[in-house]
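Enquirer: return atomic coordinates for the entry below.
(2 chains)
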Protein chains: 2
Amino acid sequence: MSKNGEHYATLEVEGESSGTRDTKGKTPIMEAPLIGKGGAHEKSMDDAGGAGVKRGVGVIDFVVRLLALVAALAATIIMGTTDQTLPFFTQFFQFRARYYDLPTFTYFVVANAVTAAYLVLSLPFSIVTIVRPLAKAPRLILIIFDTMALTLVTSAGASAAAIVYLAHKGNTNTNWVAICQQFDSFCSRSSGAVVGSFIAAVLFVLLIILSTVALKSH
Amino acid sequence: MSKNGEHYATLEVEGESSGTRDTKGKTPIMEAPLIGKGGAHEKSMDDAGGAGVKRGVGVIDFVVRLLALVAALAATIIMGTTDQTLPFFTQFFQFRARYYDLPTFTYFVVANAVTAAYLVLSLPFSIVTIVRPLAKAPRLILIIFDTMALTLVTSAGASAAAIVYLAHKGNTNTNWVAICQQFDSFCSRSSGAVVGSFIAAVLFVLLIILSTVALKSH
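Expert: The predicted structure is shown next:
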């Protein structure tokens, strides 16, 4: 009897301290013989709670994904439709700036378009994480491809930023002159596109962290 | 007496594992009254197998991390020590190219140095995943910071690549001339540094995927 008393004392100590999972695990162990079903019931309640949180993470994932899609699409369209023709011209040609005059900007448009397409394709997987919040596979797939898309959109944004910076400031050491005095609209539009691309990159980092935290708590 | 037997079975279950708390908690709930010991035995087999695989993943993580460190450090040093002075000079100055003549290359050196420093700091966490393969927290921390480091090193590599490309090819539309005819050594060294940076980026993608897969199989 005194032994039993000790046992229950231990129980209480264990039950009240440490993380929630510990409590969940240990309490039913002690009580199993008498209220095994109760323990099972508790567990399913816990699962339901975890599923609720994960469903919430899934919903946030979906919304952030939509925002990233808007950012990548805006970057593509802004850069892709930039076309400035200067009001003066020589005998041989007119001064005109479009994205495909600079190979880096062409890469930017293609990479952002690919990222936007990937984001559209990833939406169903995001929906699966909402509908089946306890499934691990969709989250794993999303993290892997999000990481690749992050690399793509970051490289596009950074390389275009390097060129935009050069267009604004020029570089005296290499004798590259700034062109933004003339092509002001071209420059401001491409700067805006670069910002859009960086917003998409930041949202991707957020998506990866969200999915990883959700995966960890499985 | 039967109660005591049960009690000890439970005790063993509690004693043996630390990482797989869910399993630990749930198995005894279902099996404790009849086959508490059998269940515990099976589980310990599973744990040992899982821990072995995860320890292997931890070792690979550590090696890949060292390779990424070498790549980022090489990129930093190659770009940082590039210094080409042309054999001809004018009355006023001598033609000389160093990384800080181009702001993008300065960013490249700083970003790669920061990445290398982060990789050194991350090595202890990688060792923790080897020593305690079932712990989730170190992997989560590594994934989050690896993702940020990936963004940093990718942006450095991509922006420097855009400038290196321009230095090689020039651009007639913007009247930026290629400088690699003169600064051939400067150009080939900075190209090498960019490649090192991209290798580091690819290794980071690999690290993130590895850690995520290990985290998923918990």
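Enquirer: so who does A:Ala135 touch?
Expert: Taking CB atoms under 8 Å, 6 or more residues apart in numbering or on different chains, we find A:Ala135 in contact with A:128-129. Just so you know, the C-beta spots here come from the backbone N, C-alpha and C atoms, and that holds for glycine as well.
Enquirer: that one looks like it's in a helix, true?
Expert: No: checked against DSSP: H, G, I helix; E, B strand; the rest coil, A:Ala135 lies outside a helix; its state is coil.
Enquirer: how near is it to A:Leu215?
Expert: Going from A:Ala135 to A:Leu215 by CB to CB, to the nearest Å gives 11 Å.
Enquirer: in chain A, where's the longest strand?
Expert: Longest strand in chain A, counting residues (DSSP state E): strand A:83-89.
Enquirer: and the strand or helix carrying A:Leu203, what's buried?
Expert: A:Leu203 is part of helix A:184-216, with elements assigned from DSSP states H and E. Residues A:186-187, A:189-201, A:203-212, A:214-216 are the ones in helix A:184-216 that count as buried (16 or more other CB atoms under 10 Å in any protein chain shown).
Enquirer: also stretch A:146-166?
Expert: A:146-147, A:149-166.
Enquirer: restrict those to contacts with chain B.
Expert: A:147, A:150-151, A:154-163, A:165-166 (CB under 8 Å from any CB of the partner chain).
Enquirer: so which of the residues you listed are in helices?
Expert: Judged by DSSP state H, these include A:147, A:150-151, A:154-163, A:165-166 as members of helices.
Enquirer: tell me how many other residues crowd the nearest residue to A:Val177 once chain neighbours are set aside.
Expert: Distances taken as CB to CB, 6 or more residues apart in numbering or on different chains place A:Gly170 nearest to A:Val177, at 4.8 Å, with adjacent residues excluded. When neighbours are counted by other CB atoms under 10 Å in any protein chain shown, A:Gly170 registers 18.
Enquirer: isn't A:Gly170 up against A:Gln181?
Expert: No: with contact defined as CB atoms under 8 Å, A:Gly170 does not count as touching A:Gln181 (9.5 Å).
Enquirer: low-scoring stretches of chain A, by residue?
Expert: A:1-49, A:88-95, A:218 (pLDDT under 70).
Enquirer: 90 instead, please
Expert: Within chain A, the ranges that satisfy pLDDT under 90 run A:1-54, A:82-102, A:133-134, A:171-186, A:215-218.
Enquirer: for A:Ile163, which non-adjacent residue is closest in space?
Expert: Counting by CB to CB, 6+ apart, A:Ile163 lies nearest to A:Thr104, which is 4.7 Å off, once chain neighbours are set aside.
Enquirer: is it true that the one you found touches A:Tyr165?
Expert: No: between A:Thr104 and A:Tyr165 there is no contact under CB under 8 Å: 11.4 Å.
Enquirer: sorry, back to before: of the ones in helices among the ones next to chain B among the buried residues of stretch A:146-166, which is the nearest to A:Val63?
Expert: Set against A:Val63, the nearest of those by CB to CB is A:Leu150 (17.9 Å).
Enquirer: ok, now which ones touch the closest one?
Expert: Applying CB under 8 Å, 6+ apart, we find A:Leu150 in contact with A:201, A:204-205, A:208, B:147, B:150-151, B:154.
Enquirer: again, 10 Å this time
Expert: The contact partners of A:Leu150, taken as CB atoms under 10 Å, 6 or more residues apart in numbering or on different chains, are A:68, A:115, A:200-205, A:207-208, B:147, B:150-151, B:154, B:205, B:208.
Enquirer: go on, A:Ala201?
Expert: So A:Ala201 contacts A:68, A:71-72, A:115, A:149-158, B:151, B:154-155 (CB under 10 Å, 6+ apart).
Enquirer: how about it: what's its closest non-neighbour residue?
Expert: Once flanking residues are discounted, A:Ala201 sits nearest to A:Thr154: 4.7 Å by CB to CB, 6+ apart.
Enquirer: how much space separates the one you found from B:Ala156?
Expert: Note on A:Thr154: its distance to B:Ala156, by CB to CB, is 10 Å.
Enquirer: circling back: quick check, nearest of the contacts of A:Leu150 to B:Gly50?
Expert: Of all these, B:Ile208 has the smallest distance to B:Gly50: 20.6 Å, by CB to CB.
Enquirer: ok, A:Ile77 touching A:Ala193?
Expert: Yes: contact criterion CB atoms under 10 Å: A:Ile77 and A:Ala193 qualify, at 8.4 Å.
Enquirer: now the common contact residues for these two.
Expert: Joint contacts of A:Ile77 and A:Ala193 (CB under 10 Å, 6+ apart) are A:109, A:112.
Enquirer: hmm, back to that, could you give the angle of the helix or strand hosting the residue nearest to A:Ile163 to helix A:184-216?
Expert: Taking DSSP H and E as the definition, one finds A:Thr104 inside helix A:103-131. Angle, helix A:103-131 to helix A:184-216, by axes from the mean of the first three to the mean of the last three CA atoms, to 10 degrees: 30 degrees.
Enquirer: show me what contacts A:Ala75?
Expert: A:Ala75 sits next to A:108-109, A:111-113, A:115-116, A:153, A:156-157, A:160, A:190, A:192-200 when contact means CB under 10 Å, 6+ apart.
Enquirer: repeat that with 8 Å
Expert: Contacts of A:Ala75 by CB under 8 Å, 6+ apart are A:108, A:112, A:157, A:193-194, A:196-197, A:200.
Enquirer: quick check: closest non-adjacent residue to it.
Expert: Distances taken as CB to CB, 6+ apart place A:Gly196 nearest to A:Ala75, at 3.5 Å, with adjacent residues excluded.
Enquirer: ok, now which ones touch the one you found?
Expert: Neighbour list for A:Gly196: A:71-72, A:74-75, A:78, A:112 [criterion: CB under 8 Å, 6+ apart].
Enquirer: which ones among the residues you listed map onto strands?
Expert: Counting by DSSP E, no part of the contacts of A:Gly196 is found in strands.
Enquirer: now the buried members of those residues.
Expert: Neighbour-count burial (16+ other CB under 10 Å) applied to these gives A:71-72, A:74-75, A:78, A:112.
Enquirer: quick one: which of these is nearest chain B?
Expert: Chain B has its nearest neighbour among these in A:Asn112, at 13.1 Å by CB to the nearest CB.
Enquirer: tell me who's in contact with that closest one.
Expert: A:Asn112 makes contacts with A:72-73, A:75-76, A:79, A:153, A:156, A:193, A:196-197, A:200, as judged by CB under 8 Å, 6+ apart.
Enquirer: could I get those in CSV, plus columns for distance to B:Arg98?
Expert: Shown next, in CSV, are those (distance: CB to CB, whole Å):
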residue, distance to B:Arg98
A:Ala72, 36
A:Leu73, 40
A:Ala75, 33
A:Thr76, 36
A:Met79, 32
A:Val153, 31
A:Ala156, 28
A:Ala193, 31
A:Gly196, 33
A:Ser197, 30
A:Ala200, 34
